[in-house]
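1. Build me a structure from this.
(2 chains)
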2 protein chains.
Amino acid sequence: MNEWTEQVFTWPKGYTSDAVHAKLRYSKLDVGWLVSDVPAAAAGVYTTNQFCAAPTASMKRLIQTNHQLQALVMNSAFANACTGEQGIKDVLQEQQWVAEKLAIDPSLVGVASTGLIGAYLPMEKMAKGIAALKKTTNILLTEAILTTDTKTKTLCLTATIAGKKCTFSGFAKGSGMIHPNMATMLGFVVTDCAIAAECLQSMLSELTDETFNQITVDGDTSTNDAVVLLANGLAENPVVTLTKEEYPFVKELYRFLLTELAKMIARDGEGATKLIEATVNGAKTKNEAQIIAKAIVGSNLVKAAMFGNDPNWGRIISTIGATNCQFQPDKVTVKLNQIEVVKDGQPVPFSEQEVSNSLQQATVFIDVDLQTDSQVGKAWGCDLTYDYVKINATYST
Amino acid sequence: MNEWTEQVFTWPKGYTSDAVHAKLRYSKLDVGWLVSDVPAAAAGVYTTNQFCAAPTASMKRLIQTNHQLQALVMNSAFANACTGEQGIKDVLQEQQWVAEKLAIDPSLVGVASTGLIGAYLPMEKMAKGIAALKKTTNILLTEAILTTDTKTKTLCLTATIAGKKCTFSGFAKGSGMIHPNMATMLGFVVTDCAIAAECLQSMLSELTDETFNQITVDGDTSTNDAVVLLANGLAENPVVTLTKEEYPFVKELYRFLLTELAKMIARDGEGATKLIEATVNGAKTKNEAQIIAKAIVGSNLVKAAMFGNDPNWGRIISTIGATNCQFQPDKVTVKLNQIEVVKDGQPVPFSEQEVSNSLQQATVFIDVDLQTDSQVGKAWGCDLTYDYVKINATYST
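-> All right, here's what the predicted structure looks like:
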C-alpha cells in the first residue's frame, strides 16, 4: 500500500476560496466561500439535534438529493438556528446570491453557519460580504469559520492514487458545544481525487463514528454540526469506488485525516490546556469500548482533575462503573500516561508526584483494560478549566 | 387530609446519635452513628455504579435480606470503594465493633462511607472513633458525613398519623459526583412512625425517581450513593401499610421531604452560587419530561450561562434538541424566571438586562412547555463556577 505525505495547507486542484470581514463580528473574518471549478461528488453527516439549524437541514437535503455540490458559503457569529421560516428564507437567499455570482444552479450551493443560536442572520451584511468574495487561492476561509476557537484546524495530505497525485485538504472549527452525535461543528475535507459519491458517503458515515463522534468538549450537542466531503475529480484518476483496489488506502487516509481534525477540535476545546486521549482495551464490543472511552473524556470530574494534574483515578473508575457496559470490576486496569494506578480493580501504589508531573504534558493518555474480551475504542477530550467557565459565563452578553 | 409541620431538627422518639473527630480528616467531625432503641423497618435505594463500594453493597444486602436495621455507622473522608477483599473485611469489622458495643446482632448494623475512592479505611482510627461514640441526642452526625459540602442538609417534619404524633428527620450529604441513578450520595430519613418495611421500600423506590434521581451537579454517578429510610414504630401508631388510609398522606410527606433534601444537595453543589430548577410541561410522557428537565440542569453550557447571569437560551434549546424525546421544535416555549424568551421555537424579543438581573437570584427557574401532551417533569441542578474547577482540580493531592 502506498503512503500519504503531510504538506503545507493548500487547496486541491480546481478549488478557489476567499473570506472577508462582513462585520458580523467586531474585527475578525466572518464570511467566506469555497468553490470548485466543476461540480464535486459530495457526502455529509449532520447533527442529530432536533433543533437542526436551517443551513444544516438545507445542506443535508441537497447532498442527499443530488450527491454533489460546487460551492460552499460559510459564516461565523450567527448559527441561523431556531430562526423558523425566516431562517429557511435566508438560506435560500444566500444560495441565490452565490449561484448568480458563479452562474451555477442554486442547488449546487451549500450553506454552513456557526455562532449564536436564536438570532436572525443580518442579511444586509451577508449580501455585502458575499458580493466581496473573490475566486482566489488564499486559505482565509479556515479562519473565517472560527468562533471561540483559538487556532485554525487544518491538515493537508497528498497521495498518489492510481498513478495520479491527489491532494486532500481538511479543515474544521469547533471549541464549545462539542459532543457530536453523527458529526461535529463544521468539518470539511475537499479533494481533487475522483471518488464516487456513494463511496464517499459510505466511508464518511463509517469513519465518523470513530472520529468526530468520539470527541467531546462539554457534552452539549450543537444544532449546526456537519462534516462534508467534496471530491471534484480534477486529479483525473480512475474514479474510486467501494470495490476498487485503491479504496482501502483512501479510507485509511480519510480515517487519519478525520481523526487528526477531530483531535484538533478536542485539543482546542474552550479553555482547554491539554488533550486527553482515552483508550479502552479488552472490551466485549467495539461500541462498548467507545462508550466507556467517551464517558471518561466527558466526565467533568476527570477533566478538572487533569487540569489540576491530579492523579485521582477514582473518578475514572467511577465513570467506567456508571456505564451499562459489560465487564468485571475486579479485572479493570487503569494507566495514567503509561503508569499503572489500578490493577484488577484495586489500588496500585505509585508515586503521586511522578504521575502528577507527567500529567503536565500537552497530551494525557488514559489507558483502561477491561480484560473481558478483545475490542478497542478511543475518544478524545480536553481538561475543564477556569477559562471554560469564563468563556461560557459571558458568551452572548 | 392532615398536614405536616416543619420544626427544628431533632431525632424522633427512640433514636440516639453522636459523632466524633477520629482524625480521618484534619479537623472536622468524621465518624458518627445513629442508633434506634429497637430494630427499625428499613428500606433503601443504592447506586447503580458497577464499582459499588463495599459498605453500599453490604447495606443493600442487609436491607434486602432482613428489611430492618438498628444502627447506622458512618464516616467521611474515605469512600471504601475499589478496595477489594480488604474493603469488605473492613465493613464486617465495623459492624462487629458497633454490634458488640450495643450488644445487638451485626446484621442490624448498616455502614455508610463517603470520601476518596480507592484508599483503604484507616481501621485503627476507625476503632478509636467508634469506641468514642456515645448514645446522646446531639445532631453532630449530620455534620460528620459532609465532605466538600458547605452546609448540613437537614429537614425535620412532624405530623399526626392515626392520632399519634410522629417525627420524620431527614438528613443528607453530597456536593460533587452527583448525578444519581437510583439514589444519591447518602440520604437518610428516620422516623418513629410505624411503617411496614415493604411499604417503606415501595414508597422510596417510587419517590426516588422524581426526587434524588432528578438532581445533578456534574453528571458523575458516585460509587457510594444510598438513600436509607428507617421507621422504628415507637410513636405507637397502627402500622402504615400500602392499603391503609394514612398511606397517601405519608407518601406525600416523604415526597416533600425527599424533594427538599435533594434540592439542598443541588443548591450546595460544588462551587455553586445558585439552585437551578427546570420544569418541563406538555411532554408526551412523564419520563421524557424528566429526561429533558435533567438534561437542561446537567448542561455545562447552561450551567455556566446561569453563573454569568447570561440569558443565552440557545443553550437550553440545544440541550432539549439533543435528547431523543418526542416533540415538535416549532412548538417549544421557554421561560427564564417567568419571562418568555422562546415561543413556538422562535426568539421572543426581551430585555436582556431585565432577564440578566433576575438570574442573579438564589434560585433560577427554567420553564419549558413542549406543547405536545400533558406530562410534567422537574429537575434540579446548580451553576458551573470557577470554584467548581478549583475544588476539583485539587481534590486528592
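2. Which strands and helices lie in contact with the top helix by length along chain A?
-> The longest helix of chain A (DSSP state H) is helix A:247-267. With contacts defined as 3 or more Cβ pairs under 8 Å, 6 or more residues apart in numbering or on different chains; DSSP states H and E, helix A:247-267 has these neighbours: strand A:153-161, strand A:164-172, strand A:187-191, helix A:197-208, strand A:275-283, strand A:375-382. C-betas here are computed from N, CA, C, even on glycine.
3. What mean pLDDT does it get?
-> Mean pLDDT, helix A:247-267: 89.
4. returning to that earlier point: nearest to chain B, of the helices and strands packed on helix A:247-267?
-> Nearest to chain B among the helices and strands packed on helix A:247-267 is strand A:375-382 (12.1 Å), distances taken as Cβ to the nearest Cβ.
5. and the closest one, how far out from the chain's middle?
-> 15 Å (Cα atoms, centre = their mean, to the nearest Å).
6. again with stretch A:217-229
-> Stretch A:217-229 has its C-alpha centroid displaced from the chain centroid by 7 Å (Cα atoms, centre = their mean).
7. now the end-to-end length of that stretch.
-> By Cα to Cα, to the nearest Å, the extent of stretch A:217-229 from end to end equals 23 Å.
8. how about it: buried residues?
-> Buried residues in stretch A:217-229, counted by 16 or more other Cβ atoms under 10 Å in any protein chain shown: A:217-229.
9. same deal with stretch A:258-278?
-> A:258-272, A:274-278.
10. just stretch A:109-123 next, same as before
-> Here stretch A:109-123 shows A:109-122 as buried, counting by 16+ other Cβ under 10 Å.
11. which residues sit against stretch A:345-363?
-> With Cβ atoms under 8 Å, 6 or more residues apart in numbering or on different chains as the test, stretch A:345-363 has contacts from A:267, A:274-277, A:306, A:309-311, A:317, A:328-332, A:336-337, A:339-342, B:51, B:82-84, B:118-120, B:397.
12. Out of the helices and strands packed on helix A:247-267, which one sits most buried?
-> strand A:187-191 (a mean of 28; mean count of other Cβ atoms under 10 Å in any protein chain shown).
13. still on that earlier bit, quick check: angle from the longest helix of chain A to strand A:275-283?
-> Computed with axes from the mean of the first three to the mean of the last three Cα atoms, to 10 degrees, the direction of helix A:247-267 lies at 130 degrees from that of strand A:275-283.
14. For chain B, what is the nearest residue in the stretch 51-200 of chain A?
-> Using Cβ to the nearest Cβ, the single residue of the stretch 51-200 of chain A nearest to chain B is residue A:117, 2.7 Å away.
15. hmm, back to that, let me know which of the helices and strands packed on helix A:247-267 is the nearest to residue A:61.
-> helix A:197-208 (14.3 Å; Cβ to Cβ).
16. for the record, mean pLDDT for the closest one?
-> Per-residue pLDDT over helix A:197-208 has a mean of 89.
17. Can you add distance to chain B and give the helices and strands packed on helix A:247-267 back as JSON lines?
-> Output for those, formatted as JSON lines (distance: least, Cβ to the nearest Cβ, whole Å):
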{"stretch": "strand A:153-161", "distance to chain B": "21"}
{"stretch": "strand A:164-172", "distance to chain B": "19"}
{"stretch": "strand A:187-191", "distance to chain B": "18"}
{"stretch": "helix A:197-208", "distance to chain B": "17"}
{"stretch": "strand A:275-283", "distance to chain B": "13"}
{"stretch": "strand A:375-382", "distance to chain B": "12"}
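18. I figured the residue of the stretch 51-200 of chain A closest to chain B hits residue B:320, correct?
-> No. The criterion here is Cβ atoms under 8 Å, and residue A:117 misses it with residue B:320 at 11.5 Å.
19. Show me the common contact partners of these two, please.
-> Here residue A:117 and residue B:320 have residue A:51 as joint contacts, going by Cβ under 8 Å, 6+ apart.
20. which residues of chain A fall in helices?
-> Under DSSP H, chain A gives helices at A:54-66, A:84-102, A:123-132, A:141-144, A:197-208, A:247-267, A:286-298, A:300-307, A:314-321, A:352-358, A:386-393.
21. if we can go back for a sec, how about the helices and strands packed on helix A:247-267 in a markdown table, adding distance to residue B:350?
-> Compiled in a markdown table, the helices and strands packed on helix A:247-267 are given as follows (distance: least, Cβ to Cβ, whole Å):
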| stretch | distance to residue B:350 |
| --- | --- |
| strand A:153-161 | 35 |
| strand A:164-172 | 34 |
| strand A:187-191 | 34 |
| helix A:197-208 | 38 |
| strand A:275-283 | 39 |
| strand A:375-382 | 33 |
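22. Can you list the strands that the biggest strand by length in chain A pairs with?
-> Of all the elements of type strand in chain A, the one with the most residues (DSSP state E) is strand A:31-46. Note on strand A:31-46: by DSSP bridges, its sheet partners are strand A:15-20 (antiparallel), strand A:68-75 (antiparallel), strand A:226-231 (antiparallel).
23. for the nearest residue in space to residue A:381 that is not next to it in sequence, what are its contacts?
-> With sequence-adjacent residues excluded and distances taken as Cβ to Cβ, 6 or more residues apart in numbering or on different chains, residue A:381 is closest to residue A:297, at 3.0 Å. Counting by Cβ under 8 Å, 6+ apart, residue A:297 touches A:215-216, A:266, A:276-278, A:303, A:366, A:379-382.
24. Give the bridge partners for the closest residue to residue A:289 other than its chain neighbours, please.
-> Excluding the flanking residues, the one nearest residue A:289 by Cβ to Cβ, 6+ apart is residue A:377, at 2.9 Å. Taking DSSP bridges, one obtains residue A:280 as the residues bridged to residue A:377.
25. ok, residue A:377 touching residue A:292?
-> Yes. Using Cβ under 8 Å, residue A:377 is in contact with residue A:292, at 6.9 Å.
26. where do the contact lists of those two overlap?
-> Joint contacts of residue A:377 and residue A:292 (Cβ under 8 Å, 6+ apart) are A:280, A:283.
27. Chain B versus the residue in chain A sticking out farthest from the centre, what's the distance?
-> Centroid-distance maximum for chain A: residue A:349 at 38.4 Å, with Cα atoms, centre = their mean. For residue A:349, the distance to chain B (Cβ to the nearest Cβ, to the nearest Å) stands at 11 Å.
28. still on that earlier bit, just list the residues touching the residue of the stretch 51-200 of chain A closest to chain B, thanks.
-> Applying Cβ under 8 Å, 6+ apart, we find residue A:117 in contact with A:51, A:53, A:79, A:81-82, A:223, B:314-315, B:317-318.
29. Now render the helices of chain A as JSON lines, adding distance to residue A:28.
-> Listed next are those as JSON lines, based on distance: least, Cβ to Cβ, whole Å:
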{"stretch": "helix A:54-66", "distance to residue A:28": "20"}
{"stretch": "helix A:84-102", "distance to residue A:28": "20"}
{"stretch": "helix A:123-132", "distance to residue A:28": "13"}
{"stretch": "helix A:141-144", "distance to residue A:28": "7"}
{"stretch": "helix A:197-208", "distance to residue A:28": "29"}
{"stretch": "helix A:247-267", "distance to residue A:28": "19"}
{"stretch": "helix A:286-298", "distance to residue A:28": "29"}
{"stretch": "helix A:300-307", "distance to residue A:28": "27"}
{"stretch": "helix A:314-321", "distance to residue A:28": "37"}
{"stretch": "helix A:352-358", "distance to residue A:28": "37"}
{"stretch": "helix A:386-393", "distance to residue A:28": "16"}
